[in-house]
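[1] Compute the structure for the input listed below.
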Amino acid sequence: MDRQGMAGPLRRVMALLARGRQGVRQGVADIASRATAPSVEARHAAWNTKVLGSAYARQLYASGVAGPGVQLQSFPVQVRLTSGLCRQADIEQPWLHYWCSRLGMLPIYHRKVWEDCFVAQALWEAGMLNNRRRALGFAVGREMLPAFFAAHGVEVLATDLGQQEQTAKGWQQTGQHASELEHLFWPTLVEREVFDQRVTFQPADMRRIPDALADGSRDFVWSVCSFEHLGSIQAGLDFVVRAMDCLRPGGIAVHTTEFNMAAEGPTLDGGSTVLFQRRHIEALGERLAEAGHELLPVDFHPGRGVLDQFVDLPPFSEEGGALPVADTPHLRLAMGEHVATSIGLIIRKAR
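    Purely as a prediction, here's the structure:
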């Protein structure tokens, strides 16, 4: 693919990376405000780390396993996806390449790419991407997924904080939340007439899902890296359980969120961004099972790739600043003393 041909996919990847990042940025800022300024040596070390990681990622891209030159898959691939962590191997798999081709993204080593592809793969395998389905999305920001689902014939209700709540939390100024349908229209994914027919929007707070939405009428619900921003570990877990009330029997919920790679020890358990640990996900599975729901088995294996061990350091590439390096891998990131990644959860409602 030449540079001109790459322009569209690159813009869509950058838009993807730009949306929904305020929570992580604020979390990192909160941590930084409690720490002393890094030394010159530490800043140089961070720079060196990014340069070396970028060089390795470019070697992989040049080999054709991922990145701009990869041969994108032309048809979906059944992999029997389960809940689990973002890993390097996924970025190099045909199933993810297929969804990148459909979403107009490049399969780069970034967990935000993985998240949207994870949601799409999980829903496709569950038979949800067709014109008989009704969907509900939470904290949609300016995601591509509502438009993408509409293009597959799905009737979509997209929700996000209302304007007053957005302003109070400082989200609206960052352009991260949707307050009207126009923010969700992606002309590269769906025709305008189809979008207008199939996508609606209404304000909703994930901490207090209205009874009108919890009516058991949706075939699937989803959220992308959102419920870690509800103020506490408990609030995030409560949201996932409550959201099951929105589904019809046998319906599917797919969520991604922030995950602390350390199974034991302290974590970020309050504030603008929390980091869930294995114990929290296992406790969630137990709560869901008690209600008759099924959290698909969670694969907590961290992966065996070099980039599964590479930890990106702030400032991150989408934030600007003095240190960002193009193509720095971002499957893992440092949040203070913690190493975080993304985890995807697939839940089937009791029949």
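
[2] hey, which strand is longest across this protein?
    If you go by DSSP state E, the chain has its longest strand at strand 247-260.

[3] what about that one, average pLDDT?
    Per-region confidence: strand 247-260 scores 98 on mean pLDDT.

[4] next one: stretch 201-215
    In this model, stretch 201-215 has a mean pLDDT of 97.

[5] where do the strands sit along this structure?
    83-85, 134-138, 155-160, 199-203, 218-224, 247-260, 294-295, 298-299, 333-335, 338-348.

[6] burial of the residue nearest to H152 when sequence neighbours are not counted, as a residue count?
    Nearest in space to H152, with sequence neighbours left out and distances taken as C-beta to C-beta, 6 or more residues apart in numbering, is L129 at 4.3 Å. Bear in mind the C-beta positions are built from the backbone N, C-alpha and C, glycine included. The number of residues packed near L129 is 20, by other C-beta atoms under 10 Å.

[7] same thing with L268?
    Residues near L268, counting by other C-beta under 10 Å: 23.

[8] quick one: the closest residue to it other than its chain neighbours from L333, how far?
    Take L268 and drop its neighbours on the chain: the residue closest to it by C-beta to C-beta, 6+ apart is L275, 4.5 Å away. Using C-beta to C-beta, to the nearest Å, L275 is found at 11 Å from L333.

[9] What of R242?
    For R242, the distance to L333 equals 28 Å [C-beta to C-beta].

[10] Neighbour count: those two, which is higher?
    Taking neighbours as other C-beta under 10 Å, R242 and L333 compare with L333 leading, 21 against 15.

[11] Next up, the contacts around that one.
    Contacts for L333 were tallied using C-beta atoms under 8 Å, 6 or more residues apart in numbering; they are V24, V311, D312, L313, P314, F316, V339, A340, T341.

[12] Return the member of those residues nearest to W114.
    T341 (9.3 Å; C-beta to C-beta).

[13] how about that closest one, what does it touch?
    Counting by C-beta under 8 Å, 6+ apart, T341 has contacts L85, C86, R111, E258, F259, M261, L331, R332, L333.

[14] Nearest spatial neighbour of the fourth one, chain-adjacent residues omitted?
    Ranked by C-beta to C-beta, 6+ apart and with sequence neighbours excluded, the top spatial neighbour of E258 is E228, at 4.3 Å.

[15] okay but that neighbour is in contact with T257, surely?
    Yes - judged on C-beta atoms under 8 Å, E228 makes contact with T257 at a distance of 4.9 Å.

[16] overlap in contacts of those two?
    Shared contacts of E228 and T257 (C-beta under 8 Å, 6+ apart): G236, F276.

[17] low-confidence ranges in the stretch 201-350 of the chain?
    By pLDDT under 70, the low-scoring segments of the stretch 201-350 of the chain are 318-324.

[18] could you pull out the helices for it?
    233-243, 278-290 (DSSP state H, counting those that start in this stretch).
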